[in-house]
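J.: fold the following for me, if possible:
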Amino acid sequence: MFAPMKTASISFIALVAVLFLSACADNSSFSPAEDAQDAGREFIRASLDGNMTKAEFYLLKDSANTMLFEKWKKDYYNKLSTEERVSFKNANILPIKIENENDSTVHYSFSNSYKSADTTTVKIVRSNGIWQVDLKELH
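T.: The predicted structure is shown next:
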(Lines give C-alpha, C1' and ligand atoms only; values in the text may rest on other atoms or scores of the structure.)
Protein backbone atom coordinates (compact mmCIF):
# COMPACT_ATOMS: atom_id res chain seq x y z
CA MET A 1 0.00 0.00 0.00
CA PHE A 2 2.76 2.47 0.86
CA ALA A 3 5.39 1.23 -1.62
CA PRO A 4 3.80 2.69 -4.79
CA MET A 5 3.39 6.10 -3.13
CA LYS A 6 7.01 6.03 -1.98
CA THR A 7 8.24 5.12 -5.47
CA ALA A 8 6.14 7.88 -7.04
CA SER A 9 7.53 10.42 -4.56
CA ILE A 10 11.10 9.38 -5.28
CA SER A 11 10.46 9.62 -9.04
CA PHE A 12 8.95 13.08 -8.64
CA ILE A 13 11.89 14.27 -6.55
CA ALA A 14 14.34 12.85 -9.11
CA LEU A 15 12.50 14.61 -11.94
CA VAL A 16 12.54 17.94 -10.09
CA ALA A 17 16.26 17.54 -9.36
CA VAL A 18 17.06 16.80 -13.02
CA LEU A 19 15.03 19.82 -14.20
CA PHE A 20 16.72 22.06 -11.63
CA LEU A 21 20.21 20.89 -12.58
CA SER A 22 19.55 21.27 -16.31
CA ALA A 23 18.18 24.79 -15.76
CA CYS A 24 21.30 25.72 -13.83
CA ALA A 25 23.55 24.19 -16.48
CA ASP A 26 21.94 26.23 -19.28
CA ASN A 27 22.72 29.63 -17.74
CA SER A 28 26.17 28.64 -16.52
CA SER A 29 27.27 27.99 -20.10
CA PHE A 30 26.91 31.71 -20.89
CA SER A 31 29.65 34.12 -19.91
CA PRO A 32 28.89 37.66 -18.76
CA ALA A 33 29.75 40.26 -21.37
CA GLU A 34 33.20 41.80 -21.07
CA ASP A 35 32.02 45.12 -22.50
CA ALA A 36 28.98 46.79 -24.05
CA GLN A 37 29.80 45.67 -27.58
CA ASP A 38 30.09 42.07 -26.40
CA ALA A 39 26.70 42.28 -24.61
CA GLY A 40 25.04 43.75 -27.68
CA ARG A 41 26.57 41.22 -30.05
CA GLU A 42 25.68 38.23 -27.83
CA PHE A 43 22.08 39.45 -27.34
CA ILE A 44 21.57 40.21 -31.02
CA ARG A 45 23.12 36.92 -32.21
CA ALA A 46 21.01 34.92 -29.75
CA SER A 47 17.88 36.81 -30.83
CA LEU A 48 18.56 36.19 -34.52
CA ASP A 49 19.21 32.52 -33.77
CA GLY A 50 16.00 32.18 -31.76
CA ASN A 51 18.01 31.23 -28.66
CA MET A 52 15.77 33.12 -26.24
CA THR A 53 17.38 31.58 -23.15
CA LYS A 54 20.73 33.04 -24.14
CA ALA A 55 19.23 36.38 -25.22
CA GLU A 56 17.48 36.65 -21.86
CA PHE A 57 20.79 36.04 -20.07
CA TYR A 58 22.10 39.30 -21.59
CA LEU A 59 18.90 41.24 -20.81
CA LEU A 60 18.69 43.80 -18.01
CA LYS A 61 16.26 42.24 -15.56
CA ASP A 62 13.41 44.53 -14.59
CA SER A 63 9.64 44.36 -15.01
CA ALA A 64 9.49 46.52 -18.15
CA ASN A 65 12.25 44.59 -19.92
CA THR A 66 10.69 41.28 -18.94
CA MET A 67 7.37 42.38 -20.42
CA LEU A 68 9.02 43.65 -23.63
CA PHE A 69 11.10 40.49 -23.96
CA GLU A 70 8.03 38.26 -23.55
CA LYS A 71 6.34 40.16 -26.40
CA TRP A 72 9.54 39.85 -28.46
CA LYS A 73 9.52 36.07 -27.95
CA LYS A 74 5.83 35.74 -28.83
CA ASP A 75 6.32 37.76 -32.01
CA TYR A 76 9.33 35.64 -32.98
CA TYR A 77 7.45 32.36 -32.64
CA ASN A 78 3.95 33.50 -33.69
CA LYS A 79 4.56 36.05 -36.43
CA LEU A 80 7.64 34.75 -38.23
CA SER A 81 7.42 31.83 -40.62
CA THR A 82 9.88 28.97 -40.38
CA GLU A 83 11.64 30.32 -43.48
CA GLU A 84 11.99 33.78 -41.91
CA ARG A 85 13.42 32.31 -38.70
CA VAL A 86 15.97 30.31 -40.74
CA SER A 87 16.88 33.46 -42.70
CA PHE A 88 17.43 35.41 -39.47
CA LYS A 89 19.52 32.56 -38.05
CA ASN A 90 21.71 32.59 -41.17
CA ALA A 91 22.02 36.39 -41.17
CA ASN A 92 25.15 38.29 -40.22
CA ILE A 93 25.05 41.16 -37.74
CA LEU A 94 25.92 44.42 -39.48
CA PRO A 95 27.05 46.95 -36.83
CA ILE A 96 26.35 50.51 -37.97
CA LYS A 97 27.28 52.68 -35.01
CA ILE A 98 28.37 52.01 -31.45
CA GLU A 99 28.16 55.20 -29.44
CA ASN A 100 29.12 55.75 -25.80
CA GLU A 101 26.63 57.96 -23.98
CA ASN A 102 28.74 57.78 -20.82
CA ASP A 103 30.89 55.20 -19.01
CA SER A 104 27.90 52.95 -18.28
CA THR A 105 25.56 53.47 -21.27
CA VAL A 106 26.16 52.59 -24.91
CA HIS A 107 23.85 52.75 -27.95
CA TYR A 108 24.45 49.91 -30.41
CA SER A 109 22.93 50.48 -33.87
CA PHE A 110 22.87 47.54 -36.24
CA SER A 111 21.18 45.81 -39.10
CA ASN A 112 21.45 42.27 -40.37
CA SER A 113 22.20 40.77 -43.74
CA TYR A 114 18.68 39.32 -44.10
CA LYS A 115 16.83 42.61 -43.52
CA SER A 116 19.62 45.08 -44.18
CA ALA A 117 17.24 48.03 -44.67
CA ASP A 118 15.94 47.63 -41.10
CA THR A 119 18.13 49.45 -38.58
CA THR A 120 17.72 48.84 -34.86
CA THR A 121 19.37 50.56 -31.91
CA VAL A 122 19.56 48.91 -28.51
CA LYS A 123 20.69 50.54 -25.31
CA ILE A 124 23.32 48.65 -23.35
CA VAL A 125 23.89 49.55 -19.72
CA ARG A 126 26.35 48.54 -17.05
CA SER A 127 24.43 47.63 -13.92
CA ASN A 128 26.27 46.27 -10.86
CA GLY A 129 29.37 45.87 -13.04
CA ILE A 130 27.58 43.75 -15.67
CA TRP A 131 26.82 44.89 -19.22
CA GLN A 132 23.22 44.11 -20.24
CA VAL A 133 20.74 45.09 -22.95
CA ASP A 134 17.92 47.45 -21.97
CA LEU A 135 14.99 47.10 -24.39
CA LYS A 136 13.05 50.07 -23.00
CA GLU A 137 14.70 52.40 -25.51
CA LEU A 138 14.66 50.13 -28.54
CA HIS A 139 14.66 52.12 -31.79
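J.: off-centre distance for whichever strand in the chain runs longest?
T.: With DSSP state E setting the assignment, residue counts place strand 93-102 as the longest strand in the chain. Relative to the chain's own centre, strand 93-102 is displaced by 19 Å; criterion: Cα atoms, centre = their mean, to the nearest Å.
J.: give me the most central residue, this structure.
T.: Closest to where the C-alpha atoms of the chain average out (Cα atoms, centre = their mean) is residue 55, at 1.0 Å.
J.: measure it to residue 128 for me?
T.: 20 Å (Cβ to Cβ, to the nearest Å). Any C-beta I mention is one placed from the backbone N, CA and C, and that applies to glycine too.
J.: again, but for residue 32
T.: 11 Å.
J.: for residue 79, same thing?
T.: Taking Cβ to Cβ, one finds residue 79 at 34 Å from residue 128.
J.: shouldn't residue 119 be in contact with residue 107?
T.: No: taking contacts as Cβ atoms under 8 Å, residue 119 lies outside contact range of residue 107: 11.8 Å.
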